[in-house]
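Enquirer: Mind folding the following:
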Amino acid sequence: MDRKNEKIFSRYRIKLINLNKINLQNKNVVKLIKIIAILTIAIIVFKVAMDATIPIINEQCKTMAKSIATKISNEEATRVMADYEYEDFCRVEKDENNNIKMIGINMITINKIISDIPVLMQQELEKEENNTFTIKLRELYR
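Expert: Prediction:
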């Protein structure tokens, strides 16, 4: 019987580098090439993953920042306004018959409120618990 016919399966192997013919010094080079290839693939995978997730994380950050800012602005406005009553904003002048003669606005009080609320909001936003939040992994894959 012929030797070629005895093989069950045979195919030509593509050999980029013939490892059998490489001496000991070149084996270190082959190991180095393999390590560089693995690191290159890892870096590419990391870059692709980051490019896919960073826009989602940025959008989540914007949404959370808006939510925190809205909550804080409402809380601070409510807290400041609790110290005032309607008479603090307007003064009503009446004549001798108890008819309303003039309604005046107390601009000093209104300006104080307008300046107090943003200052208090900024102080609250700078607190540590308002500067951090978490994003659940399941939110990355919507």
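
Enquirer: Nearest the middle, which residue of the protein would you pick?
Expert: Nearest residue to the geometric centre of the chain (Cα atoms, centre = their mean): Cys61, 3.2 Å.

Enquirer: Point me to the helix or strand that includes the residue nearest to Leu125 when sequence neighbours are not counted.
Expert: Using Cβ to Cβ, 6 or more residues apart in numbering and skipping the chain neighbours, the partner closest in space to Leu125 is Ile72 (6.0 Å). Using the backbone N, CA and C atoms, a C-beta is placed for each residue, glycine as well. Taking DSSP states H and E as the criterion, Ile72 maps to helix 24-81.

Enquirer: Give me the distance from that helix to the chain's centre.
Expert: The chain centre lies 9 Å from the centre of helix 24-81; the measure is Cα atoms, centre = their mean, to the nearest Å.

Enquirer: Check which helices and strands it is in contact with.
Expert: For helix 24-81, the packing partners by 3 or more Cβ pairs under 8 Å, 6 or more residues apart in numbering; DSSP states H and E come out as helix 107-125.

Enquirer: Can you give me the neighbour number for Glu76?
Expert: 20 (other Cβ atoms under 10 Å).

Enquirer: Contacts only, for it.
Expert: Neighbouring residues of Glu76 by Cβ atoms under 8 Å, 6 or more residues apart in numbering: 117, 120-121, 124.
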